[in-house]
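Peer 1: Predicted model and sequence follow; I will ask about them next.
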Amino acid sequence: MGSIDKGGYHDTLPSKSKSLLQALYGEGGSVDETAITSHVSAATMSAVEFPEGADWVNSQPLAIHGNLKGRYILLDFFTYCCINCMHILPALHRLEQELPHGLVVVGVHSGKFSNEKSNDNIMNAVSRYKITHPVINDQNYDMWNSYSIICWPTLVLINPSGQIVLISIGESDVDKVCMFVKDLVRLSPPTEVQPVSDTVTMVTDGAPKSNSVLNYPGKVYYHSDSNTIFISDTGNNRVLQVNCVGEILNKYPGTESTPLDSPQGLLVYKNWLYVCDTNNHRVVRVGVEGAVVEVVCGTGRQGHDLEGGKLGPEQGISSPWDIEMVSLNSFPGCHGDLLVIAMAGTHQIWGLALTDVVITFRGQKVEHQEGKAWRLAGNGDEANKNNSYPHKASFAQPSGLSYDGCKFVYIADSESSTIRSLELPSLAVKNLAGGGLDPSDLFSFGDVDGKGTVAKLQHPIGVTVLSPQTLLIADSYNHKIKVASTKSRVVFTCSLISGLCEPSGLSQDKHAGTVYVADTNNHTVKILRENETWECSDLAVVDRARSTKNSGVSWAPIQADTKTVTVSLNFTRKLNSEASSNITITRYTQQGREKEDIPVSGHVIKLPISSPDTTAIDLLITLFTCSEEGACYMDKYLHRINFAEETSDRVLYKPGETVLVNLN
């Protein structure tokens, strides 16, 4: 296999290509067609062929000088972790639609992380990003080295004769590249105008199909007031609200005028569900009780502003990936509610004032009116640079946030493979774990337990605070969950949790002692329960009618006082005497949790609360009943009681929703 001279490549074609694109399309006005044709006619550098034996996605093996000859070929060198690579995919998709004859886009996946060299993982990424063109797995960097590529993304245009005519580095000129390709195809039509699918057998199965309701879920958010879980069903462009047994209560796809596109981070604030509408480059809020969708930050187009300062809907932003709410009222000289945004697209941390906000630090008082969006930390460089001056710090695709409720917002900084902290109110940026000492080194990754930078992670996307001293990390590309001490900075692996595939989001139910995990490539949400060790199970998300109409069972409102919980059941079918109907009562206290199984033998069941410091109770009621015709059924009910306040004779509580799951 041949190779291009690296010195000539770097010194000539990329710089000439950039100058040409700027001259043709940078100032507007008419296009100099002579400049295009003369540039193309001067092309003498022959494209290097695809390596034999490489794995392909979406296609059988292709050949530049074989079955692709006579067409224009646009090579997209990418790695699926890279936000900049994601940014150019919509433009390439539009180009493919506009030029279905005579042009083929081929993705050359030269993976940065070891996890990205797996063909199965590439297939999942191709499916997740809805890439329909052929992709070659360049796991050994054969194409990368032959074309002397230096960064992701890089676009290489090859003419029908097999010569390289254009090389564009980075994402900034992708629109100009697309205009150039369209003009070039118009001025110098390809000799082969049939779509590739007409002459080459295309394979479009991609990743294995899942029977799950979910499609690449990205983030989860447990909402304690309603005892429900919100899930970013990212691949289906919607958010789901489910109860604790997984039954779907509400679906939020956006509206016709404001549809969601690959939603990620979530939170509920004052009866509004805030959503990172990532591919639309905005943050929206959805009425939890209705279909109202409002844009609170972002214009709907990718922004490149690194400072901010405008009101949210007027402020361009780039690929917000996660959000967290911080109340500043406990800090001296500060007040207001602040939405912290992991701005993956510009490698920064931003803020959105949910109320009027005042931040005082280093003797300076800064005020921001409600609705204003601005940069909190990060200079926009993609790097792993910590600094007590937030505007001198650098991030590398921050993708996960979690606030400890006291002083620190923890950040899963995926491309630097680190967990970082943002101190409040100073906004100082520090390393907690992972990465290396060189701020420019974004390749210091691995799978090593240890302290600080000795610990190694691989593209972590999620983080959640278990306590002020303990974090849980979604070490996404190691397919693991890890625990980090915020005091000692020691990281260790939860070795008993296995079978995950690129987990991306975490959220804790503190009452129940559980953590919900968006297990992205497995199309599911996992439930982690901490006993002496971590237990892992699936949350079976089901799209099932919530009606109890045909269950044969109804019940009166649950009554609770300081000593007992009373459950009153009304049967239209009789209890099955050959099966054991029971209530599993789980009591949550400040010391932990305890379970007890109590048999159901009648219509009224009194359950002891036991401990005066009980904070919540879960009731899982399993009933076996039979009809007069002899048909037998099993039904399950789940109910949560969160105890909010104790008076002299009664506990006031906020009842969770009672739901029925038909298992017969």
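Peer 2: Yes, it's here. Numbers count the residues shown, from 1 in each chain.
Peer 1: Over to residue 372: give its phi and psi.
Peer 2: Phi and psi for residue 372, reported as degrees, to the nearest 10, are phi -80, psi 140.
Peer 1: what's the spacing between it and residue 499?
Peer 2: 44 Å (C-beta to C-beta, to the nearest Å). Bear in mind the C-beta positions are built from the backbone N, C-alpha and C, glycine included.
Peer 1: what about those two, which has more around it?
Peer 2: residue 372 (20 against 10; other C-beta atoms under 10 Å).
Peer 1: got a list of what the more buried one touches?
Peer 2: Taking C-beta atoms under 8 Å, 6 or more residues apart in numbering, we find residue 372 in contact with 308, 309, 310, 311, 312, 352, 353, 357.
Peer 1: The fourth one pairs with what?
Peer 2: Listed beta-bridge partners, residue 311: residue 372 (assigned using DSSP bridges).
Peer 1: count of neighbours near it?
Peer 2: Residue 311 has 15 nearby residues by other C-beta under 10 Å.
Peer 1: cool, the second one as well?
Peer 2: When neighbours are defined as other C-beta under 10 Å, residue 309 has 12 of them.
Peer 1: Check the last one too.
Peer 2: The criterion is other C-beta under 10 Å. On that basis, residue 357 has 23 neighbouring residues.
Peer 1: who's in contact with residue 403?
Peer 2: 324, 325, 326, 340, 409, 410, 465.
Peer 1: which of those residues are buried?
Peer 2: By neighbour count, with 16 or more other C-beta atoms under 10 Å, those hold 324, 325, 326, 340, 409, 410, 465 as buried.
Peer 1: any idea how far residue 225 is from residue 378?
Peer 2: From residue 378 to residue 225 the distance is 33 Å (C-beta to C-beta).
Peer 1: my guess is residue 466 contacts residue 481, does it?
Peer 2: No - using C-beta atoms under 8 Å, residue 466 is not in contact with residue 481, being 11.3 Å away.
Peer 1: so what's in contact with those two at the same time?
Peer 2: residue 472.
Peer 1: re the thing from before, which pair of the contacts of residue 372 spans the longest distance?
Peer 2: The distance between the two most remote of those (C-beta to C-beta) is 15.0 Å, for 310 and 357.
Peer 1: Quick check: the gap between residue 478 and residue 185.
Peer 2: In terms of C-beta to C-beta, residue 478 sits 44 Å off from residue 185.
Peer 1: Of those two, which one has the most company?
Peer 2: residue 478 (26 against 20).
Peer 1: Identify the residues contacting the more buried one.
Peer 2: By C-beta under 8 Å, 6+ apart, the neighbours of residue 478 are 115, 447, 457, 458.
Peer 1: who wins for most neighbours among these?
Peer 2: Top of the contacts of residue 478 by neighbour count (other C-beta under 10 Å): residue 457, with 30 neighbours.
Peer 1: show me what contacts it?
Peer 2: Residue 457 neighbours (C-beta under 8 Å, 6+ apart): 417-419, 433-434, 445-447, 473, 475, 478, 482, 491.
Peer 1: all helices for this structure, in order.
Peer 2: Along the chain, the segments classed as helices by DSSP state H run 6-11, 13-25, 33-41, 83-98, 119-128, 142-146, 174-187, 196-199.
Peer 1: quick one: buried residues of stretch 468-476?
Peer 2: Here stretch 468-476 shows 471, 472, 473, 474, 475, 476 as buried, counting by 16+ other C-beta under 10 Å.
Peer 1: hmm, back to that, pick out whichever of residue 378 and residue 225 has more residues nearby.
Peer 2: Neighbour count, other C-beta under 10 Å: between residue 378 and residue 225, residue 378 has more, with 29 against 10.
Peer 1: That one: what's its closest spatial neighbour, skipping adjacent residues?
Peer 2: Spatial nearest neighbour of residue 378, chain neighbours left out: residue 348 (3.4 Å); criterion: C-beta to C-beta, 6 or more residues apart in numbering.
Peer 1: gap between the one you found and residue 625?
Peer 2: 58 Å.
Peer 1: what sits up against stretch 298-308?
Peer 2: Here stretch 298-308 has contacts from 87, 277, 280-283, 312-320, 345-346, 348, 350, 372-375, 379-380, using C-beta under 8 Å, 6+ apart.
Peer 1: and the end-to-end length of it?
Peer 2: 11 Å (C-alpha to C-alpha, to the nearest Å).
Peer 1: Can you name the residues that contact residue 336?
Peer 2: Residue 336 touches 327, 328, 329, 353, 354, 355, 356, 357, 358, 368, counting by C-beta under 8 Å, 6+ apart.
Peer 1: change it to 6 Å
Peer 2: 328, 355, 356, 357 (C-beta atoms under 6 Å, 6 or more residues apart in numbering).
Peer 1: for the second one, what are its contacts?
Peer 2: In other words, residue 355. Contacts of residue 355 (C-beta under 6 Å, 6+ apart): 336, 337, 370.
Peer 1: Tell me how many other residues surround the last one.
Peer 2: Other residues near residue 370 come to 14 when the count uses other C-beta under 10 Å.
Peer 1: and the closest residue to residue 428 other than its chain neighbours, how many neighbours?
Peer 2: In this structure, residue 428 finds its nearest non-sequential neighbour in residue 388, 4.3 Å apart by C-beta to C-beta, 6+ apart. The local packing of residue 388 (other C-beta under 10 Å) involves 13 other residues.
Peer 1: what do you get for residue 633?
Peer 2: Residue 633 has 18 nearby residues by other C-beta under 10 Å.
Peer 1: so how far is residue 619 from it?
Peer 2: Residue 633 is 19 Å from residue 619, by C-beta to C-beta.
Peer 1: Pass me the low-pLDDT residue ranges in the stretch 1-150 of the chain, would you?
Peer 2: Filtered on pLDDT under 70, the stretch 1-150 of the chain yields the residue ranges 1-11.
Peer 1: can you name the two of the contacts of residue 478 that are farthest apart?
Peer 2: 115 and 457 (11.4 Å).
Peer 1: quick one: residue 124 and residue 352, what's the gap?
Peer 2: 32 Å.
Peer 1: More neighbours: those two, which one.
Peer 2: Each of residue 124 and residue 352 has its neighbours counted (other C-beta under 10 Å); residue 352 has more, 30 against 23.
Peer 1: Return the residues in contact with that one.
Peer 2: Residue 352 neighbours (C-beta under 6 Å, 6+ apart): 297, 312, 339, 373.
Peer 1: Would you agree the third one is in contact with residue 354?
Peer 2: Right, the one you point to is residue 339. Yes - the criterion here is C-beta atoms under 6 Å, and residue 339 meets it with residue 354 at 5.4 Å.
Peer 1: Find the residue at the geometric middle of this protein.
Peer 2: residue 218 (3.5 Å; C-alpha atoms, centre = their mean).
Peer 1: ok, it to residue 49 distance?
Peer 2: From residue 218 over to residue 49 (counting by C-beta to C-beta), the distance is 37 Å.
Peer 1: before we move on, what about residue 401?
Peer 2: 45 Å.
Peer 1: Looking at those two, which is more packed in?
Peer 2: Ranked by neighbour count (other C-beta under 10 Å), residue 401 and residue 49 place residue 401 first, with 25 against 16.
Peer 1: Need the pLDDT of that one.
Peer 2: Residue 401 carries a pLDDT value of 98.
Peer 1: What of the one 4 residues further on?
Peer 2: What the model reports for residue 405 is a pLDDT of 95.
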